[in-house]
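K.L.:
how would this look folded up:
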Amino acid sequence: MIEILTIDGFKSIRHQLIPLKELNVLAGLNSSGKSSVIQSLRILGRVAQHEYKVFPEDCGDEDILRNKHEKRMEIAANYGIKGEKKISYSARMEQYPDFPKIIYMGADRIGPQTIYPSKKNGGLDGRGTNVLRCIEECSDAGIVLPDIMLTDNTEGEGFKFVVQGWLKEISPGVRFNMDKVPGQEAHTATYNDFWPTNVGFGLSYTLPIIVAILMGVVDKNSIVLLENPEAHIHAKGQTALADLICRAVESGAQIVVETHSDHVFDGVRIYAKEHSGFSEKVCLAWFRLNAEDTTEIEYPMLQENGSLSSWPKDMFSQFMDNAERLL
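P.N.:
Below is the predicted model of the structure:
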């Protein structure tokens, strides 16, 4: 598990030592530094894999990414059973064979498609392009998920059954099926017997999020990074998604969620209230930019009863602000 992430001179972050727990919820206004945390972890994942290009695509090089007030940029993390190991961007030539695998699902996920290209052993890419192949491979491998990951809608313990069960939780009544395209490295999917292009974006955007979370349960030495998992999902589905995330954490996954959804946020709070001890596994982080365009982070503590030790200014307060204007 990654326990501490240190970021110096990266984009809007001048210096932050960020504690990480099993579940980490990053919230805040746009361009406040949340994505920089996700990108920093992805960079370290590429450092561990000795990839030639360690910066995410279309982000530029160090000269572009380095904070304008700083002369150097550094990204590092402590990981291991007790955080005794360290990886750093500046020591890219070192060996980090046991650094957790990065399972990343970005906000720019692939939308509804009639045919999904599939790459054998290609893994789950950050856009979810290969998601149907991943479901097939995990199912063929006979992977069985823990009972806590099963819902009342789950028809079996196999990977595909659990995926189907959670799709029904997020969109009640939906029937998901997938098939290989004969003679091609491709798959097709249907929802209620319709192509994805005929049922909107919500289910197509949700499917790779579900798969990424379940893969984090399967691979114990991994960390799942989710950007805006709530995109195109209604409020009830967003709350169900929070339940899935929390159950995965209970099953041993480490997850970082960047979200703008008060329903996801409240879903985590509800799970903590209904499951004793879970609050200790959660780190809440509220991001804001100060007058110098530098990231500041507050860490309200999640209490056993689902309340917070403090409520940062502007944090998920818009509903009440709007209600006051309507009364």
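K.L.:
contacts, neighbours, all on C-alpha from now
P.N.:
Fine.
K.L.:
helix/strand/coil for the residue nearest to the spatial centre of the chain?
P.N.:
Taking CA atoms, centre = their mean, the centroid of the chain lies closest to Leu226, which sits 1.8 Å from it. Three-state assignment for Leu226 (DSSP: H, G, I helix; E, B strand; the rest coil): strand.
K.L.:
that one: what's it in contact with?
P.N.:
If a contact means CA atoms under 8 Å, 6 or more residues apart in numbering, then Leu226 has 104-107, 209, 255-258 as its contacts.
K.L.:
could you do Lys119 as well?
P.N.:
130, 133, 185-186.
K.L.:
try Tyr52
P.N.:
By CA under 8 Å, 6+ apart, the contact list for Tyr52 is empty.
K.L.:
can you show me the CA trace of stretch 11-23 as CSV?
P.N.:
Only the C-alpha atoms of stretch 11-23 are listed here, as CSV (Å, rounded to 0.1, in the frame of the first residue of the first chain):
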residue,chain,number,x,y,z
LYS,A,11,2.0,22.3,-11.5
SER,A,12,0.0,24.2,-8.9
ILE,A,13,1.5,22.2,-6.0
ARG,A,14,4.6,23.8,-4.4
HIS,A,15,5.0,21.4,-1.5
GLN,A,16,2.5,18.9,-0.2
LEU,A,17,2.9,15.7,1.9
ILE,A,18,-0.3,13.8,1.2
PRO,A,19,-1.2,10.9,3.5
LEU,A,20,-2.9,8.0,1.8
LYS,A,21,-5.2,5.4,3.4
GLU,A,22,-7.2,2.5,1.9
LEU,A,23,-9.8,4.9,0.4
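K.L.:
contacts for it next, please.
P.N.:
Applying CA under 8 Å, 6+ apart, the contact partners of stretch 11-23 are 1-9, 32-33, 36, 65-70, 246, 249, 252-257, 281-283, 293-296.
K.L.:
so how far is Val144 from the closest residue to Gln164 other than its chain neighbours?
P.N.:
Counting by CA to CA, 6 or more residues apart in numbering, Gln164 lies nearest to Phe176, which is 6.1 Å off, once chain neighbours are set aside. Distance of Phe176 to Val144, given as CA to CA, to the nearest Å: 19 Å.
K.L.:
Val37 sits in which helix or strand?
P.N.:
Val37 is part of helix 34-48 when elements are defined by DSSP states H and E.
K.L.:
list the buried residues in that helix.
P.N.:
Judged by neighbour count using 16 or more other CA atoms under 10 Å, the buried positions of helix 34-48 are 34, 36-48.
K.L.:
so which residues of this protein form helices?
P.N.:
34-48, 62-65, 131-140, 159-170, 202-218, 235-250, 262-274, 318-326 (DSSP state H).
K.L.:
check the offset of stretch 227-244 from the chain's centre.
P.N.:
The chain centroid and the centroid of stretch 227-244 are separated by 12 Å under CA atoms, centre = their mean, to the nearest Å.
K.L.:
mind checking the end-to-end distance for that stretch?
P.N.:
Using CA to CA, one end of stretch 227-244 lies 15 Å from the other.
K.L.:
ditto for stretch 49-60
P.N.:
Stretch 49-60 has an end-to-end distance of 20 Å (CA to CA).
K.L.:
mean confidence score for that stretch?
P.N.:
Taken as a whole, stretch 49-60 carries a mean pLDDT of 87.
K.L.:
re earlier: how close does the residue nearest to Gln164 sit to Glu155?
P.N.:
13 Å.
K.L.:
return the helix or strand in this structure with minimum mean pLDDT.
P.N.:
helix 318-326 (a mean of 84; mean pLDDT, DSSP states H and E).
K.L.:
for that one, list the C-alpha coordinates in CSV.
P.N.:
What follows is helix 318-326, C-alpha atoms only, in CSV (Å, rounded to 0.1, in the frame of the first residue of the first chain):
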residue,chain,number,x,y,z
GLN,A,318,-24.0,24.3,-3.3
PHE,A,319,-27.2,22.4,-2.6
MET,A,320,-27.8,24.3,0.6
ASP,A,321,-26.7,27.6,-1.0
ASN,A,322,-29.2,27.1,-3.8
ALA,A,323,-32.0,26.0,-1.4
GLU,A,324,-31.6,29.2,0.6
ARG,A,325,-32.0,31.3,-2.6
LEU,A,326,-35.2,29.3,-3.4
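K.L.:
determine how far that helix lies from the middle of the whole chain.
P.N.:
That offset, for helix 318-326, works out to 29 Å (CA atoms, centre = their mean).
K.L.:
between helix 262-274 and it, find me the angle.
P.N.:
On the basis of axes from the mean of the first three to the mean of the last three CA atoms, to 10 degrees, helix 318-326 is oriented at 110 degrees to helix 262-274.
K.L.:
compare Phe176 and Val144 (neighbour count), which wins?
P.N.:
Set side by side, Phe176 and Val144 show more neighbours around Phe176, with 21 against 16, by other CA atoms under 10 Å.
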